[in-house]
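Peer 1: What follows is a predicted protein model with its sequence.
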Amino acid sequence: MSLHEDEEVVKLIFGDHPPEDWRENQEFLSYLAELGNLGADRLAIEPDRVTDELHSVEASTQELAFSNYKTFIQTSECSKQIYDEFGNTENHLENLITKMPSFLEKCEDFKCKAAEISTHRKLTSLTLAKHTTLLEILELPQLMDTVVRNQHYDEALELHAYVTKLWKKQPDVKILEDISKNVTNSVKLMLQQLLAQLRAPIQLPQCLKVISYLRRMDIFQESELRLKFLQARETWLQSVTNAVPRDDPYVHITRTMEVMRVHLFDIVTQYRAIFSDDNIVVDTEEDRCDNRLLFSSWLSRKVDEFLMVLERDLEQDIGSLESLIGQAMYFGLSFSRVGFDFRPQLVPIFERTILKQVNRLLSVEANQKVLTDSFIGLNLVKVGGMSCNYQAKEDVSQPPLLLIEFPPLAHVCNIVLSALNHVRLCAPMSIVGEVTSSLHQFLSSATNLLLNFQKSNHKSWRQTELLGFQNLCLVYRSVLLPYLQSCISAVFPPKTLSEICGFSVSDLQARMVGFVNTEDICRPLQEFMPPEPEIPVTEKADAETDFVSERMAELAVAVEQEPGIKVNGEDAPNAEKEKPKDEVHVENNPEQSNIVSDPENSTEQSNGDVIESANECDLVTDTESSN
């Protein structure tokens, strides 16, 4: 039967109220199929059969219930208990379903922790297996610090390279990063130790080792390494020069020159042995460093610092300069071996110092009182009756004894000779013009003093005193100035000046280079000068006769006057010893300090003001003996 037919049969049997879910009931559907197969007769008696079968079943059921009521009661109780148990089970299942997510989460946490514990156990086992190797790695900072402090730099560099390589392989390992930092700190300590060695007294072999270590450390570029070397050695050199005592300027500058000459030359030798000047280091495309310029500029700065120290010490009163100039020139010459001869830079400094000392000695203000007081010892009455004839000698080693009777002129002579004695052993030819100018100015001032003396006292003078002043002026022009000119020529020989300058001697005299202008100096005193004696022109025989007679007159005058001249209260010798006529050449003899000395007994004078004659007497007499 089809589904439609089944529905019609059900509708005929049950009307509009068929059983629920009859379509899902297989027994109901089987019975409908069976009904569909019955014939009409059978269908007519089917209700009765079904009724009889129903009664039979009900009777069987009642009998079964009656005979087995206890079983039914027990089954009912069991069913009730089962129902209750199923209810409890359902509640428990609901609770289980509710708590299952948290349980799952805890299971996952347990699983993760178990995995971590398992991993940690594996790492612990691996650590235990690698314990020796890990301990060596962990002790690397301590080992590095030990080898650095013991100055085992080769091992230190190997450890640093190993740690750096290890950290680059495992950059994420924190402990390796810490080890690398500690090792780097030890490398910094090593760098400080190496630089400290360069700041101490060190020989060339050790310098080579230190620079090789610095290059292997790869911290500085080539130009920076050179600069660091120069800075470190300069620090040590500065400490050595600062240790030189500064109490005595002469000792300070001589010791400084010795220290600078020895140690600075050692630094230059070390630098040239370690670094090559052939290559040029290029740090960037814009910044280009010339190594040769770097070293030469540093050496030039050190020489400039020495020149500043030299100039500062020379500003103080050092005294004799000849030995100092010799040491300084030897210092400059020693650096010619390294191509840095700085002797030309020394010349202006010593020139200024010498000129300063000459100007100080020839200063009018410093000698004003001495020259003014010297007029007190001048006896114009005595010198007025004297014969002032004097024959100039080529020998300048002894001043004219005639100046003893003229204290102002003797003092002027002493002052000029003191200045010339101060520079005669180290007189550079380049300052001859300035020295001549200063001397000319001083002599002009001396002329003004003579003129002022005449203006202040001439009203009370008698004729004899006027004649004495004329003799004073005559000796000043004819004796003192020519003698001083001879002394200047002895210090600055005209022949040498002519060879250097290219001018003739007459040109030098016209330009006042090594020559003083006597006429210009004596012009204010010209009115007090006696007239020049006229020399008559006669035949040769007469001239010879007159010359002999003139010489006899001079000898007679000398014999008459010399016993009356007292020098320091004692009678002077009757006649001077014969002087050599050869020209006196001034040599750079450190034992000779005065330009004028006794040919027989030359003595060194510390103040340069005393000029000794053959009997070791002062040129300037005291006031009592002059009076």
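Peer 2: Everything's here; your move.

Peer 1: Return the per-residue confidence for Q391.
Peer 2: Note for Q391: predicted pLDDT of 58.

Peer 1: repeat for the one 4 residues further on
Peer 2: Reading off the per-residue confidence, D395 sits at a pLDDT of 64.

Peer 1: what's the answer for V383, then?
Peer 2: 73.

Peer 1: Go over the secondary structure and confirm it is in a helix.
Peer 2: Yes. Membership of V383 in a helix is supported by DSSP: H, G, I helix; E, B strand; the rest coil.

Peer 1: The nearest residue to it once chain neighbours are set aside is in what secondary structure piece?
Peer 2: Excluding the flanking residues, the one nearest V383 by CB to CB, 6 or more residues apart in numbering is G468, at 4.4 Å. C-beta: built from backbone N, CA, C; applies to glycine. Applying DSSP states H and E as the criterion places G468 in helix 463-475.

Peer 1: Does that helix pack against any helices or strands, and if so which?
Peer 2: Contacts defined by 3 or more CB pairs under 8 Å, 6 or more residues apart in numbering; DSSP states H and E place helix 463-475 against helix 380-384, helix 407-423, helix 432-457.

Peer 1: got the buried residues for it?
Peer 2: Using 16 or more other CB atoms under 10 Å as the test for burial, helix 463-475 gives 465, 467-475.

Peer 1: Average pLDDT for the helix or strand containing I82, rounded please.
Peer 2: In the assignment (DSSP H and E), I82 maps to helix 69-129. Averaging pLDDT along helix 69-129 yields 90.

Peer 1: Show me what the next helix or strand after it is in contact with.
Peer 2: Reading on from helix 69-129 to the C-terminus, the next helix or strand found by DSSP H and E is helix 131-138. Helix 131-138 is contacted by residues 127, 166, 175-176, 179 when judged by CB atoms under 8 Å, 6 or more residues apart in numbering.

Peer 1: Now distance to N91 and secondary structure too, for those residues, in TSV please.
Peer 2: Below are the contacts of helix 131-138 laid out as TSV (distance: CB to CB, whole Å; DSSP: H, G, I helix; E, B strand; the rest coil):
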residue	distance to N91	secondary structure
T127	52	helix
L166	64	helix
I175	57	helix
L176	60	helix
I179	63	helix
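
Peer 1: For those residues, which entry has the maximal number of neighbours?
Peer 2: I179 (20 neighbours; other CB atoms under 10 Å).

Peer 1: Could you check how far it is from S186?
Peer 2: To S186, I179 is 11 Å away according to CB to CB, to the nearest Å.

Peer 1: Please enumerate the shared neighbours of those two.
Peer 2: In contact with both I179 and S186: P141, using CB under 8 Å, 6+ apart.

Peer 1: all strands in the stretch 251-400 of the chain, in order from the N-terminus.
Peer 2: 281-282, 288-289 (DSSP state E, counting those that start in this stretch).

Peer 1: Return the member of these having the minimum mean pLDDT.
Peer 2: strand 281-282 (a mean of 48).

Peer 1: Can you tell me the closest non-neighbouring residue to L484?
Peer 2: Once flanking residues are discounted, L484 sits nearest to V416: 5.4 Å by CB to CB, 6+ apart.

Peer 1: before we move on, what about L29?
Peer 2: Leaving out its chain neighbours, the residue that sits closest to L29 by CB to CB, 6+ apart is D6, at 7.0 Å.

Peer 1: next one: phi and psi at that neighbour?
Peer 2: Dihedral pair for D6: phi -60, psi -40, per degrees, to the nearest 10.

Peer 1: just checking, L176 touches T164?
Peer 2: No. Counting by CB atoms under 8 Å, L176 sits too far from T164 to count as a contact (10.3 Å).

Peer 1: What's the mean pLDDT across stretch 479-489?
Peer 2: 88.

Peer 1: list the buried ones in it?
Peer 2: So stretch 479-489, judged by 16+ other CB under 10 Å, has buried residues 479-481, 483-489.

Peer 1: again with stretch 447-455
Peer 2: Quick answer for stretch 447-455 (16+ other CB under 10 Å): 447, 449-450, 453-454.

Peer 1: Am I right that P201 is in a strand?
Peer 2: No. P201 sits outside any strand when classified using three-state DSSP, being coil.

Peer 1: Excluding sequence neighbours, find me the nearest residue to it.
Peer 2: P201 sits nearest to W236 (CB to CB, 6+ apart), 7.1 Å away.

Peer 1: how far away is that neighbour from L35?
Peer 2: For W236, the distance to L35 - CB to CB - is 131 Å.

Peer 1: neighbour-wise, which of those two wins?
Peer 2: W236 (18 against 15).

Peer 1: you'd agree the more buried one is in a helix?
Peer 2: Yes. Secondary structure assignment places W236 in a helix (three-state DSSP).

Peer 1: Spit out the contact partners of it.
Peer 2: 198-201, 263.

Peer 1: separation between it and D266?
Peer 2: Distance from W236 to D266, by CB to CB: 10 Å.

Peer 1: Make sure L227 is actually in contact with L294.
Peer 2: Yes. Contact status for L227 versus L294: in contact at 6.8 Å, counting by CB under 8 Å.

Peer 1: most tightly surrounded among the helices and strands packed on helix 463-475?
Peer 2: The highest mean neighbour count among the helices and strands packed on helix 463-475, using mean count of other CB atoms under 10 Å, belongs to helix 407-423: a mean of 24.

Peer 1: helices or strands up against it?
Peer 2: So helix 407-423, by 3+ CB pairs under 8 Å, 6+ apart, packs with helix 343-361, helix 364-374, helix 432-457, helix 463-475, helix 481-491.

Peer 1: Nearest approach to F406 belongs to which of the ones you listed?
Peer 2: helix 463-475 (5.6 Å; CB to CB).

Peer 1: how far off helix 407-423 does the closest one point, in degrees?
Peer 2: 20 degrees (axes from the mean of the first three to the mean of the last three CA atoms, to 10 degrees).

Peer 1: Only C-alpha atoms, please: export helix 463-475 in CSV.
Peer 2: C-alpha atoms of helix 463-475 as CSV (Å, rounded to 0.1, in the frame of the first residue of the first chain):
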residue,chain,number,x,y,z
GLN,A,463,139.9,131.5,32.5
THR,A,464,141.8,128.4,33.7
GLU,A,465,138.6,126.5,34.2
LEU,A,466,137.3,127.6,30.8
LEU,A,467,140.5,126.2,29.3
GLY,A,468,139.9,123.0,31.3
PHE,A,469,136.5,122.6,29.9
GLN,A,470,137.9,123.1,26.4
ASN,A,471,140.4,120.4,27.1
LEU,A,472,137.6,118.2,28.3
CYS,A,473,135.7,118.7,25.0
LEU,A,474,138.9,118.2,23.0
VAL,A,475,139.7,114.9,24.8
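
Peer 1: Give me the contacts around it.
Peer 2: 378-386, 388, 390, 402-403, 406, 408-409, 450, 454, 458, 461, 522, 525, 528-530.

Peer 1: circling back: which among the contacts of W236 end up buried?
Peer 2: So, of the contacts of W236, 198-199, 263 end up buried under the neighbour-count rule (16+ other CB under 10 Å).

Peer 1: can I get the residues you listed in a markdown table with distance to L157 and pLDDT?
Peer 2: As requested, the buried ones among the contacts of W236 are arranged in a markdown table below (distance: CB to CB, whole Å; pLDDT from 0 to 100):
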| residue | distance to L157 | pLDDT |
| --- | --- | --- |
| L198 | 18 | 90 |
| R199 | 21 | 90 |
| H263 | 30 | 90 |
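
Peer 1: so can I have CSV of the residues you listed showing distance to S300?
Peer 2: Supplementary listing: those in CSV, determined by distance: CB to CB, whole Å:
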residue, distance to S300
L198, 21
R199, 22
H263, 17
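
Peer 1: for the residues you listed, which one is nearest S320?
Peer 2: H263 (26.4 Å).

Peer 1: show me what contacts that closest one?
Peer 2: With CB under 8 Å, 6+ apart, H263 has these contacts: 236-237, 240.

Peer 1: now do 10 Å
Peer 2: Contact analysis of H263 by CB atoms under 10 Å, 6 or more residues apart in numbering lists 201, 233, 236-237, 240-241.
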